[in-house]
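Undergrad: here is a sequence together with a model predicted from it:
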Amino acid sequence: VKSKDIKSDIDNSPADLRGAVPLAHHFLRAALRPGDRAVDATCGNGNDTLFLAGLVGAEGRVWAFDIQNDAICNTSALLFEHGCRSQVELAAVGHENLFETVREPVRAVVFNLGFLPGGDRCCMTLPHTTVAALGQALELLLLGGVVTVSMYPGHSGGDEESEAVESWGAALSPKLFNVWCNRQLNRSPAAPYLLLVERRAI
Ligand SMILES: C[S@@+](CC[C@H](N)C(=O)[O-])C[C@H]1O[C@@H](n2cnc3c(N)ncnc32)[C@H](O)[C@@H]1O
């Protein structure tokens with residue numbers, strides 16, 4: 001990822017909303033302000049963490065989780081490269097331990113499910129730990145805060161996980177949460193898509 005790409009991702013340049021991750025970033029850009037707290041539940045190669053770190057700035061805080069040491073190392077290196085390491089706490093544990101690591105309310109939690117691109121497919125996210133972490137994320141979420149979940153039904157196991165996440169989202173009270181399922185209707189049903197949960201600010 002080049003500095004130029006990150007800058008245009010963070011500022012208000014026109015976005016190409018092809019795919020779940022650019023759409024997640026669109027909602028995160030609207031939700032997060034300098035000084036905010038946020039979580040990247042699956043930091044992988046660090047792209048989403050870097051995006052969050054840029055939005056919350058040096059006064060903010062981001063907690064980034066991953067179970068793979070390579071992911072933690074790649075994320076750390078990317079943050080150093082872009083001068084954003086100081087506002088990020090890296091947690092080399094599963095996101096199902098969210099509560100034990102993050103002790104303050106947050107404005108956004110980002111899940112980018114599946115496996116590390118170019119990495120070990122054995123280390124992909126799993127329905128039961130993902131759903132456990134989503135439950136904890138809602139407990140930490142400020143009023144008006146958002147959870148984004150980028151899902152990949154096109155790979156083996158990803159379809160089951162997407163179904164589990166959809167069932168979890170569908171069961172949330174509409175009095176407390178707005179839950180959106182964003183699919184690109186002009187792509188294959190197996191294309192990545194985005195679940196968005198907003199804690200209602202009422
Ligand atoms: C699609 S990748 C994330 C991409 C990343 N957000 C980025 O910007 O590069 C999914 C990541 O989830 C991680 N993962 C799998 N199970 C996890 C768990 N229980 N807790 C945290 N991370 C997990 C994998 O190791 C992998 O790095």
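TA: Cool, the structure landed.

Undergrad: can you name the next helix or strand after the lowest-mean-pLDDT helix or strand in the chain?
TA: Taking mean pLDDT, DSSP states H and E as the measure, the chain has helix 3-10 as its least confident helix or strand, at a mean of 52. Downstream of helix 3-10, the first helix or strand assigned by DSSP states H and E is helix 20-31.

Undergrad: does that next one come close to the ligand?
TA: No. Helix 20-31 is not in contact with the ligand by Cβ under 6 Å from any ligand atom; minimum separation 7.5 Å. (Each C-beta comes from the backbone N, C-alpha and C, glycine too.)

Undergrad: ditto for stretch 102-113
TA: Yes. Counting by Cβ under 6 Å from any ligand atom, the ligand has neighbours in stretch 102-113: N112.

Undergrad: check which helix or strand covers the residue in the chain positioned nearest to the ligand.
TA: Nearest residue of the chain to the ligand: G44, at 2.6 Å (Cβ to the nearest ligand atom). When elements are assigned from DSSP H and E, G44 belongs to no helix and no strand.

Undergrad: pLDDT score for it?
TA: As predicted, G44 sits at a pLDDT of 96.

Undergrad: do S156 as well
TA: Per-residue pLDDT puts S156 at 87.

Undergrad: number of residues surrounding it?
TA: S156 has 8 neighbouring residues, counting by other Cβ atoms under 10 Å.

Undergrad: quick one: contacts for G118?
TA: With contacts defined as Cβ atoms under 8 Å, 6 or more residues apart in numbering, G118 has no neighbours.

Undergrad: ditto for L142
TA: 105-107, 199.

Undergrad: now swap in G119 and tell me
TA: Listed by Cβ under 8 Å, 6+ apart, the contact set of G119 reads 44, 68, 70-71.

Undergrad: take the contacts of L142 and keep only those in strands.
TA: Counted as lying in strands by DSSP state E, out of those, are 106-107, 199.
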